[in-house]
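Peer 1: pasting the structure only:
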């Protein structure tokens, strides 16, 4: 995973970077921390940067790029990194693109934490007051006065990066005014979407989902077969009853028919005999008269 966190000072980039470091085992490259370490160690670079940082101005590009280049060559960079606080200008972004290209390193995402400046100033004032109340030392670049200057620099110099990375289809924006947990969840969602990390249980969870329709068809098929068997079983008694009824009816018909035919035939015979007798009598009477 290799990404950049963008946003004005106090937007929560450092907090989110630390969460990503703990979750994915990557390295946070905070140029501010590296420069502060150099100042504390009184290195040549630190001495150059000290007065610049105290005034709230930006450290020269060549100093920052040199620090980043050396850091990327360290063995612990194999899992990836988060750049926090750099680049701050379009020329720095172009210089970083060139550096990464030379080192054959692919930048996967640029995540902007968008916040309200008035809210940021209130946050810093509250934090400084709490630190002083606890007797803690306040950083020279972490006061409302310095923050106001840094916010002005961010608006004029850093905001153009939004357009720069948007054109390169690397930019994703997160509402930095949400709770820390909500911001973390949204960042993780973006990283999964761009393929920087694997979605939690994504591949394994998809398999059962693909199998579900087949399982449903099998279940429906089994239910259909069972229903068909039940229907056949129910139909058998009815069929037997119908056959028995039909057989009984035919049998009854055969038994009833002969008597009916016999009576009709007998009656017809009697009628014929009467007719013959009457005709014979008439003929006999006529012959007698003659």
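Peer 2: Received the coordinates, thanks. These figures come from a predicted structure and were not determined experimentally. Numbers count the residues shown, from 1 in each chain.
Peer 1: how close does the closest residue in space to residue 56 that isn't next to it in sequence get to residue 8?
Peer 2: Spatial nearest neighbour of residue 56, excluding adjacent residues (C-beta to C-beta, 6 or more residues apart in numbering): residue 149 at 3.7 Å. Where you see a C-beta, it was placed from the backbone N, CA and C, and this is true even at glycine. Here the criterion is C-beta to C-beta, to the nearest Å. By it, residue 149 lies 12 Å from residue 8.
Peer 1: which one's more surrounded, these two?
Peer 2: residue 8 (22 against 15; other C-beta atoms under 10 Å).
Peer 1: am I right that the more buried one falls within a helix?
Peer 2: No. Read with DSSP: H, G, I helix; E, B strand; the rest coil, residue 8 is coil and lies in no helix.
Peer 1: and it, backbone torsions?
Peer 2: phi -70, psi 160 (degrees, to the nearest 10).
Peer 1: repeat that for residue 59.
Peer 2: phi -80, psi 140.
Peer 1: please shift the residue numbers so they start at 56 in all later answers.
Peer 2: New numbering, starting at 56: the last item is residue 114.
Peer 1: give me the neighbour count for it.
Peer 2: Counted with other C-beta under 10 Å, residue 114 comes out at 19.
Peer 1: need the contact list for it.
Peer 2: Residues near residue 114 by C-beta atoms under 8 Å, 6 or more residues apart in numbering: 86, 90, 103-104, 107-108.
Peer 1: same question, residue 90
Peer 2: By C-beta under 8 Å, 6+ apart, the neighbours of residue 90 are 100-101, 104, 108, 114, 118-119, 122.
Peer 1: at 10 Å what do you get?
Peer 2: 98, 100-101, 103-105, 107-108, 114, 118-119, 122, 140, 196 (C-beta atoms under 10 Å, 6 or more residues apart in numbering).
Peer 1: among those, which one sits closest to residue 229?
Peer 2: Nearest to residue 229 among these: residue 140, at 16.6 Å, using C-beta to C-beta.
Peer 1: what does the pLDDT read for residue 79?
Peer 2: We have a pLDDT of 91 for residue 79.
Peer 1: what's the burial count for the closest residue to it other than its chain neighbours?
Peer 2: Closest residue in space to residue 79, ignoring its immediate chain neighbours: residue 56 at 5.8 Å, by C-beta to C-beta, 6+ apart. Neighbour count of residue 56, defined by other C-beta under 10 Å: 18.
Peer 1: in what helix or strand does residue 228 lie?
Peer 2: For residue 228, the host element (DSSP states H and E) is strand 226-230.
Peer 1: give me the next element, helix or strand, following that strand.
Peer 2: helix 235-248.
Peer 1: what does that following helix contact?
Peer 2: 56, 58, 60, 66-67, 70-72, 74-75, 78-79, 163-164, 166, 168, 227-234, 251-255, 257.
Peer 1: just the buried residues from those, in PyMOL please.
Peer 2: In PyMOL, this line selects whichever of these come out buried by 16 or more other C-beta atoms under 10 Å:
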select buried, resi 56+58+60+66+67+71+72+74+75+163+164+166+168+227+228+229+231+251+252
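Peer 1: how much space between residue 229 and residue 88?
Peer 2: Distance from residue 229 to residue 88, by C-beta to C-beta: 22 Å.
Peer 1: actually, residue 82.
Peer 2: Taking C-beta to C-beta, one finds residue 82 at 11 Å from residue 88.
Peer 1: what is in contact with those two at once?
Peer 2: residue 72.
Peer 1: brilliant, that's me finished.
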